[in-house]
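K.L.:
quick one, structure for this:
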Amino acid sequence: MLKTFAARFGHCAKGLARDRSGVSVVEFAIITPFILSIALYGLEVAYMNSVDMKISEIALSLADNASRIGQTDNSVVTPTVSEADINEVMRGAQEQAAGLDFATRGRIILSSLERDAATGKQYIRWQRCYGQLSRQSAYGNDSTQNGLNGAALAGMGSGPTKITASANSAVMFVEVYYQHHGLMGDLFVDNPVMRKEGAFLIRDNRNLTPGVTGTGGAYPCG
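P.N.:
Below is the predicted model of the structure:
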């Protein structure tokens, strides 16, 4: 009986060794994790790039909109920048950032870069901010480090050539910071703090002397 069992076991073993019916299933089970990982990595990178592009668009749009403040003012008085104007352009940026939880994970810094008539120095006349992310301007503030107080300000911009304001004009300079959160956390990519800049020269004549006029400003940088 032992010989019969051994013969049957040997026959079954040979048959199993010749059986190829489950090879494709086994191969698929082996390569599926690799294929899935590549697909998820591609999805994560595509999402990060789309968020990066959105942050860049917010910076450029806000700088552009701020540069147009007072452009439609038909009064004979040269317009100023008011707190209400700043509130409007900041609300526009918030709408553009919808879906990104920007209020918690982002920071917008809008600066008015101007040239001081008395000294010819570049300085930050005023600055307004939005978002709770703990970030400060890379170039200074509108008080103790504005270019007239503290270190001299050669201009603004991360490139080799700094952006400067000419006499009797101003540059609306925007810095946007955003703490990126991946679709799958940091499984495939790090979650960097994205940073983008945008700058536009003001479009029309603007009365720069009083700085920001009016009350009700909702976006202090303090």
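K.L.:
so who does Trp126 touch?
P.N.:
Trp126 sits next to Val81, Ser111, Ser112, Asp142, Gly211, Val212 when contact means C-beta atoms under 8 Å, 6 or more residues apart in numbering. For glycine as for every other residue, the C-beta is placed from the backbone atoms N, C-alpha and C.
K.L.:
any idea what it is bridged to?
P.N.:
Beta bridges link Trp126 to Ser112 when assigned by DSSP bridges.
K.L.:
still on that earlier bit, need the buried ones from the contacts of Trp126 selected in ChimeraX.
P.N.:
The buried residues among the contacts of Trp126 can be selected in ChimeraX (16 or more other C-beta atoms under 10 Å) with this line:
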select :81,111,112,142,212
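K.L.:
reformat the contacts of Trp126 as a markdown table; add pLDDT.
P.N.:
Output for the contacts of Trp126, formatted as a markdown table (pLDDT from 0 to 100):
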| residue | pLDDT |
| --- | --- |
| Val81 | 93 |
| Ser111 | 98 |
| Ser112 | 98 |
| Asp142 | 97 |
| Gly211 | 93 |
| Val212 | 95 |
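K.L.:
ok, so of the contacts of Trp126, who is nearest His181?
P.N.:
Ser111 (27.2 Å; C-beta to C-beta).
K.L.:
any idea how far that closest one lies from Gly147?
P.N.:
Using C-beta to C-beta, to the nearest Å, Ser111 is found at 10 Å from Gly147.
K.L.:
so what's Leu133 up against?
P.N.:
Thr104, Arg105, Gly106, Arg107, Tyr177, Tyr178, Gln179, Val193.
K.L.:
what secondary structure does the fifth one sit in?
P.N.:
Okay, so that is Tyr177. The three-state assignment at Tyr177 reads strand, by DSSP: H, G, I helix; E, B strand; the rest coil.
K.L.:
same question, the fourth one
P.N.:
Arg107 falls in the strand class when you classify it by three-state DSSP.
K.L.:
pretty sure it is touching Ser137, no?
P.N.:
No. Using C-beta atoms under 8 Å, Arg107 is not in contact with Ser137; the gap is 9.6 Å.
K.L.:
okay, and the common contacts of these two?
P.N.:
By C-beta under 8 Å, 6+ apart, the residues touching both Arg107 and Ser137 are Glu175.
K.L.:
neighbour-wise, which of those two wins?
P.N.:
Neighbour totals were compared for Arg107 and Ser137, and Arg107 leads with 23 against 20 (other C-beta atoms under 10 Å).
K.L.:
identify the residues contacting the helix or strand where Ala93 lies?
P.N.:
Ala93 is part of helix 83-96 when elements are defined by DSSP states H and E. Applying C-beta under 8 Å, 6+ apart, the external contacts of helix 83-96 come out as 54, 57-58, 61-62, 65-66, 69-70, 102-103, 108, 110, 128, 130, 212-219.
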